[in-house]
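Undergrad: predicted model and sequence below, questions to follow.
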Amino acid sequence: MAVTKILLDESEIPESWYNVVADMPNAPAPPLGPDGKPVNPQALSAIFPGPLIEQEVSSQRWIPIPEPVREIYRLWRPTPLYRARRLEQALGTPAKIYYKYEGGSPPGSHKPNTAVAQAYFNHLAGVRRLATETGAGQWGSALAMAGRMFGLEVSVYMVRVSYEQKPTRRSMMESWGARVIPSPSAETKAGLSVRERDPNSTGSLGIAISEAVEEAASRSDTNYSLGSVLNHVLLHQTVIGLEAKKQFAKVGDYPDVVVACCGGGSNFGGSAFPFFADKAAGRQVRLVAVEPESCPSLTRGHYAYDFGDSVGLTPLLLMYTLGHRFVPPPIHAGGLRYHGDAPLVCQLYHEGLIEAVAVPQRATFEAGLLFARTEGIIPAPETNHAIRVAIDEARACAKTGEPKTIFFNCSGHGHFDLTAYDRYLAGELEDAPYPEEAIRAALADLPKVASQPPG
Ligand SMILES: *Cc1c(COP(=O)(O)O)cnc(C)c1O
């Protein structure tokens, strides 16, 4: 009988997270403070608990997953690895397509893999409240659930355009007991300053981050939580790729190409980094990050030190950036609209060790619908980016006759994004490539520091 789902036992949930820093050819570029000097990790202790700061700067290959975190992971992990036989048939491809499904977590995406870990370490440090931002609402819902499990209060600054477009995500966060504030808000200096400049601002992830960081920095009982970008977040997400490797081993297969969509980089890092370990040891495997053409940070951004938020409260991170003042076109893949990308992903891309592609919005929905109509799962708009590229790879195999093994991460379901599908089906969705002038203009806004790389 041909196997469709490759399952693991609960006891096979990884016992450690994998830290890619141990296998990178060069040490990660350090975050810089306002003076242009590397940040002393202790400076982060106003907003992060000790263990997360240690993970942020660690180069240790394996970092143990605390048992209380694994216990909560067991509510939905291990996640299944599927062989997409019906999609393969529809494409008439000799390629084998596999996907891991992270949409079975309670909030419906991969994000609780890190939310639970972050809530745990904050709880352990005696913190009582967490502040965060959310774009489309997936991260906010993951942290709302995770905070609740450790008795933490959670406030979520939600990008206003999503707050208005996705009221059900807000309901979900409130059901878990979080407080949700549309951003820019009148509750923080950062929010107020944006509202003064632009009273009709629909918000951005960068602005919402500024608000959450400000709340955390100004209250001693409150820490900040970030859903992507930072090293410790990518670390926690490696449970995805680690499980996938065990699952491939069970069926005696291994991917030629690993595909994941990339917003801030935690989904890509979590899926691909465990395979990078093999690549670093000499194995042939391509790792492909997929982003929207309307927010093409990796493929068209500047490789430069920039702020992580739009107001300039965070340390400077070396990344591919569209400029911290970037306000993206309102595409539906809200989780992929960050102006930068994880420094670890950016450095590997800069060094030519991973690949990146940008894809237009309509083509992603076309791919998502083919997936829904063959495999059944209606994917999140973010996930559709990965599906687009997995399908393109499989179609290329149909031409060349190569029976490649393609693996992508199905990062979440699209049950809260059905209005986006309605609009696609009604022919109302548009492609919105990011204008070249805006990319050039962002250069002028980059912070001036001596260690800025040339070009
Ligand atoms: C947030 C999100 C992403 C993007 O994740 P990053 O880690 O920021 O790249 C992808 N898919 C889904 C379903 C998401 O919720």
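TA: Happy to help now that I have it. Numbers count the residues shown, from 1 in each chain.
Undergrad: make it CA atoms for all contacts and neighbour counts henceforth
TA: Noted.
Undergrad: show me the contacts for the closest residue to the ligand within the stretch 301-450 of the chain.
TA: Residue nearest to the ligand within the stretch 301-450 of the chain: residue 412 (3.8 Å; CA to the nearest ligand atom). Residue 412 sits next to 101, 102, 103, 104, 108, 109, 110, 379, 380, 383 when contact means CA atoms under 8 Å, 6 or more residues apart in numbering.
Undergrad: same question, residue 176
TA: Going by CA under 8 Å, 6+ apart, residue 176 touches 141, 144, 145, 148.
Undergrad: now do the SS call for the second one.
TA: What it means is residue 144. helix (DSSP: H, G, I helix; E, B strand; the rest coil).
Undergrad: can you tell me the helix or strand for residue 288?
TA: Taking DSSP states H and E as the definition, one finds residue 288 inside strand 286-292.
Undergrad: can you give the strand pairings for that strand, parallel or anti for each?
TA: Applying DSSP bridges, strand 286-292 is found paired with strand 257-261 (parallel), strand 355-359 (parallel).
Undergrad: and those as a markdown table, adding distance to the ligand and mean pLDDT?
TA: Listed next are these as a markdown table, based on distance: least, CA to the nearest ligand atom, whole Å; pLDDT from 0 to 100:
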| stretch | distance to the ligand | mean pLDDT |
| --- | --- | --- |
| strand 257-261 | 6 | 98 |
| strand 355-359 | 12 | 98 |
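Undergrad: which of those strands sits closest to residue 250?
TA: Comparison of the strands paired with strand 286-292 against residue 250 by CA to CA identifies strand 257-261 as nearest, at 17.6 Å.
Undergrad: next structured bit after that closest one?
TA: helix 266-280.
Undergrad: residues contacting residue 410?
TA: Contact partners of residue 410, counting by CA under 8 Å, 6+ apart, are 99, 100, 101, 102, 103, 260, 379, 383, 386, 387.
Undergrad: wait, the fourth one touches residue 411, no?
TA: To tie it back to what came earlier, the one meant is residue 102. Yes. Counting by CA atoms under 8 Å, residue 411 is a contact partner of residue 102 at 5.0 Å.
Undergrad: the two: which is more packed in?
TA: Remark: of residue 102 and residue 411, residue 411 carries more neighbours, 29 against 26, as counted by other CA atoms under 10 Å.
Undergrad: distance of residue 55 from the ligand?
TA: Distance, residue 55 to the ligand, by CA to the nearest ligand atom, to the nearest Å: 17 Å.
Undergrad: secondary structure element for that residue, which one?
TA: Per DSSP H and E, residue 55 falls inside helix 50-57.
Undergrad: got it, and residue 89?
TA: Here residue 89, judged by DSSP H and E, is contained in helix 85-91.
Undergrad: picking up where we left off before, and the strand holding residue 288, average pLDDT?
TA: Throughout strand 286-292, pLDDT has a mean value of 98.
Undergrad: neighbouring contacts of it?
TA: Taking CA under 8 Å, 6+ apart as the rule, strand 286-292 contacts 256-263, 268, 272, 276, 297-298, 336, 354-361, 385-386, 389.
Undergrad: mark which of those residues are buried, thanks.
TA: 256-263, 268, 272, 276, 297-298, 336, 354-361, 385-386, 389 (16 or more other CA atoms under 10 Å).
Undergrad: from the contact counts, what lies against the helix or strand harbouring residue 374?
TA: According to DSSP H and E, residue 374 maps onto helix 361-375. Other elements packing on helix 361-375 under the criterion 3 or more CA pairs under 8 Å, 6 or more residues apart in numbering; DSSP states H and E are helix 85-91, helix 381-400, helix 418-425.
Undergrad: check contacts around the residue nearest the centre of the chain.
TA: Geometric centre of the chain, nearest residue: residue 266, 3.8 Å, by CA atoms, centre = their mean. Counting by CA under 8 Å, 6+ apart, residue 266 touches 227, 228, 229, 233, 234, 237, 342.
Undergrad: for the stretch 201-350 of the chain, what lies in contact range of the ligand?
TA: For the stretch 201-350 of the chain, the residues in contact with the ligand (CA under 6 Å from any ligand atom) are 228, 261, 262, 263, 264, 265, 266, 267, 268, 335, 336.
Undergrad: hang on, residue 154 in a strand?
TA: Yes. With three-state DSSP as the criterion, residue 154 is located in a strand.
Undergrad: perfect, that will be all.
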